[in-house]
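A.B. asks: Sequence first, predicted model second:
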Amino acid sequence: MAGIRDVARLAGVSQATASRALSGKGSVSSRARQAVTEAASELGFVMSYHASSLASGRSHNIGVVLPFVNRWYFATLLEGANSALMDAGYDLTLYDFQGDRYRESVLGDFLLRKRLDGVLAVSLQLNAHETEQILAAGIPVVGVGGPLPEIPTLRIDDVEVGRRATNHLISLGHTRVAHLGGEHEYGRHFEISSGRHAGYEHAMEAAGLPVREAWSLISDYSANDAYSQTKHLLADAGERPTAIFCASDEMAFGAMLAARDLGLRIPDDLSVIGVDGHEMGEILGLTTIDQFPRDQGMRAVERLLALVQDDAEAAGPADELMQTKLVVRSSTSAPRKPERGF
């Protein structure tokens, strides 16, 4: 069976260079990496990560901590992270808090077992004690949704997202705009829901429009609950908004279905905008703020692996803002003018 020495000889590089090229650790030129990869393929050589771990003290394993895996945003971000890790030759260990059920055991036990080279913490607001716990593992950590003290993070500007979505509706001529937001975070998760609601309020106030308490609804980010909340909101024709800004695409889908079941037409009777960039949005014609969660997962892994490899320059800034994009589709339009005599 071919060994690393045979690969190095065929590639025309040193054994150390061949090892670095195949393990992904250390600096290797693209030309040398390609030569080593081709030589390994020709010889049928597969890097032993067990041996590599013993030699380097690294496990080639990254932990990803999520509050949920059954929501589209987190699942899509996880898909991007997993793709980037597989391309880099790393395994992924998933820690699902299931809300907050396993939060304490993950932060206080699992991450301290030191079987990981790094940790990706998604949408987790850490207090001082929890930050100390996760840093005590002695491995690099990157957060998504930030910012986190002493931990590099990447995020979107949720206040600006809320302002931009609401301004889109206002620019179309809507003055009766409702907001369907998420649950309050209470310091356990990043203030995504609060930020988007704040952006909604800022846009409404800047336009001189009233923010009605009855039109600021809280949902659990699911389509089912959004459907129920929206149906109650739209039941009174006299107090009905003409547009709804939903804090996620999944909630927007529920709102659209509720409007349909009440006999309302979208966008003639109700305009709906969401946030995320869910692939079903294109099929349903949903206007959205795309936040590219798959790209977030890939970029977070890129930053984390740079830290694992002690490449501080490639790891990027402490707090990195990711781009978003307004995608206008058929679910939003100018409000319908009342018929004469209505």
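C.D. replies: Great, that's in hand.
A.B. asks: Count the residues that sit near residue 129.
C.D. replies: For residue 129, the count of nearby residues is 10 (other Cβ atoms under 10 Å). From N, CA and C alone the C-beta is placed, and that goes for glycine too.
A.B. asks: Next, the buried residues of the helix or strand where it lies.
C.D. replies: Counting by DSSP states H and E, the element that carries residue 129 is helix 128-136. Within helix 128-136, the residues scored as buried using 16 or more other Cβ atoms under 10 Å are 130-131, 133-135.
A.B. asks: can you redo those residues as CSV with distance to residue 195 and pLDDT?
C.D. replies: Shown next, in CSV, are these (distance: Cβ to Cβ, whole Å; pLDDT from 0 to 100):
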residue, distance to residue 195, pLDDT
130, 21, 74
131, 21, 76
133, 26, 74
134, 23, 75
135, 25, 75
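A.B. asks: Closest to residue 263 out of the residues you listed?
C.D. replies: residue 130 (48.9 Å; Cβ to Cβ).
A.B. asks: Could you measure from the closest one over to residue 244?
C.D. replies: 35 Å (Cβ to Cβ, to the nearest Å).
A.B. asks: mind listing what residue 326 touches?
C.D. replies: 164-165, 168, 287-290 (Cβ atoms under 8 Å, 6 or more residues apart in numbering).
A.B. asks: Those residues: which two are farthest apart?
C.D. replies: Of all pairs in the contacts of residue 326, the most separated under Cβ to Cβ is 168 and 290 at 13.0 Å.
A.B. asks: Could you pull out the helices in the stretch 201-342 of the chain for me?
C.D. replies: 223-234, 249-261, 280-284, 293-308, 312-315 (DSSP state H, counting those that start in this stretch).
A.B. asks: Check those for me and report the most buried one.
C.D. replies: helix 249-261 (a mean of 24; mean count of other Cβ atoms under 10 Å).
A.B. asks: packing partners for that helix?
C.D. replies: strand 177-181, helix 223-234, strand 243-246, strand 271-276, helix 280-284 (3 or more Cβ pairs under 8 Å, 6 or more residues apart in numbering; DSSP states H and E).
A.B. asks: Now do it and strand 271-276, the angle between them.
C.D. replies: Between helix 249-261 and strand 271-276, the angle comes out at 160 degrees (axes from the mean of the first three to the mean of the last three Cα atoms, to 10 degrees).
A.B. asks: export helix 249-261 as PDB, just CAs?
C.D. replies: This file holds the C-alpha atoms of helix 249-261, laid out as PDB (Å, rounded to 0.1, in the frame of the first residue of the first chain):
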ATOM      1  CA  ASP A 249     -40.100  33.700   4.900                       C
ATOM      2  CA  GLU A 250     -41.700  30.700   6.600                       C
ATOM      3  CA  MET A 251     -44.000  33.100   8.600                       C
ATOM      4  CA  ALA A 252     -44.700  34.900   5.300                       C
ATOM      5  CA  PHE A 253     -45.900  31.700   3.800                       C
ATOM      6  CA  GLY A 254     -48.300  31.200   6.600                       C
ATOM      7  CA  ALA A 255     -49.600  34.800   6.300                       C
ATOM      8  CA  MET A 256     -50.200  34.300   2.600                       C
ATOM      9  CA  LEU A 257     -52.200  31.100   3.100                       C
ATOM     10  CA  ALA A 258     -54.300  32.800   5.800                       C
ATOM     11  CA  ALA A 259     -55.100  35.700   3.500                       C
ATOM     12  CA  ARG A 260     -56.100  33.200   0.700                       C
ATOM     13  CA  ASP A 261     -58.400  31.300   3.000                       C
END
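A.B. asks: List the neighbours of that helix that are in contact with it.
C.D. replies: With Cβ under 8 Å, 6+ apart, helix 249-261 has contacts from 71-72, 180, 182, 219, 221-231, 234, 244, 246, 265-266, 269-270, 272-278, 280-281, 284, 286, 288, 331.
A.B. asks: just to revisit the earlier point, could you redo the buried residues of helix 128-136 as TSV and give each row distance to residue 61?
C.D. replies: Listed next are those as TSV, based on distance: Cβ to Cβ, whole Å:
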residue	distance to residue 61
130	22
131	22
133	19
134	16
135	19
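A.B. asks: State the mean pLDDT of stretch 242-250.
C.D. replies: In this model, stretch 242-250 carries a mean pLDDT of 97.
A.B. asks: One more: stretch 265-272?
C.D. replies: 97.
A.B. asks: swap in stretch 176-187?
C.D. replies: 78.
A.B. asks: Likewise for stretch 145-162?
C.D. replies: 88.
A.B. asks: May I have that stretch as CSV, with CA atoms only?
C.D. replies: Listed next in CSV are the C-alpha coordinates belonging to stretch 145-162 (Å, rounded to 0.1, in the frame of the first residue of the first chain):
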residue,chain,number,x,y,z
GLY,A,145,-25.5,36.4,14.4
GLY,A,146,-23.1,38.3,16.8
PRO,A,147,-21.5,40.2,18.1
LEU,A,148,-19.9,38.2,21.0
PRO,A,149,-17.3,39.5,23.4
GLU,A,150,-13.8,38.1,22.7
ILE,A,151,-15.2,35.9,19.9
PRO,A,152,-15.1,36.8,16.1
THR,A,153,-18.6,36.8,14.6
LEU,A,154,-20.4,37.4,11.3
ARG,A,155,-23.9,38.7,11.1
ILE,A,156,-26.4,40.8,9.1
ASP,A,157,-27.8,44.1,10.2
ASP,A,158,-31.2,43.1,11.4
VAL,A,159,-32.4,46.6,12.2
GLU,A,160,-31.5,47.6,8.7
VAL,A,161,-33.3,44.5,7.3
GLY,A,162,-36.5,45.5,9.1
